[in-house]
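Student: Mind folding the following:
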Amino acid sequence: ISLGFACAVSAMVLQKCGQTIAEVDASRELPEANPSSDPEEAFRAALEKQLLAGSKAIIMYDSLSGSTVLRLLPVLSLFDFVWQANGLMLLFDTPGSSCG
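Tutor: Purely as a prediction, here's the structure:
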């Protein structure tokens, strides 16, 4: 169950990151707005284009890092460890006289 949950969360993260990367790549391929003879204006246009692409990536990172589902993965690993350790302890703590 926990492995399936971890795989589902990883697939969700990959899908969301893939969408964001596609958006950033699409915005990067947009034609530039008629660069005039003014180099300062051309620099501002290029800077705005890069800042918009970067802000999309930062917003996606913030939404993923703040997601409760992603924060549950370490807790789930700890729960699995404790669950399996207790199971092994119960297995080896069974008295020999009750086995048979």
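Student: Can you name the residues that contact the residue nearest in space to the middle of the chain?
Tutor: Residue closest to the mean C-alpha point of the chain, counted by CA atoms, centre = their mean, is V13 at 4.2 Å. By CB atoms under 8 Å, 6 or more residues apart in numbering, V13 lies in contact with 64, 70. Placement of C-beta: from N, CA and C, glycine included.
Student: what does the model give it for pLDDT?
Tutor: Note for V13: predicted pLDDT of 89.
Student: going forward, begin numbering at 366 instead of 1
Tutor: New numbering, starting at 366: the last item is V378.
Student: Can you list the buried residues in the strand or helix carrying it?
Tutor: Using DSSP states H and E, V378 sits within helix 367-393. In terms of neighbour count (16 or more other CB atoms under 10 Å), helix 367-393 has its buried residues at 374, 385, 389.
Student: and the following helix or strand past it, which residues are buried?
Tutor: The helix or strand immediately downstream of helix 367-393 is helix 404-430, counting by DSSP H and E. Going by neighbour count (16+ other CB under 10 Å), the buried part of helix 404-430 is 418, 421, 425.
Student: Name the nearest residue to the first one, sequence neighbours excluded.
Tutor: So the one you mean is A418. V389 (4.6 Å; CB to CB, 6 or more residues apart in numbering).
Student: Please apply the same query to the last one.
Tutor: Spatial nearest neighbour of M425, chain neighbours left out: T385 (4.2 Å); criterion: CB to CB, 6+ apart.
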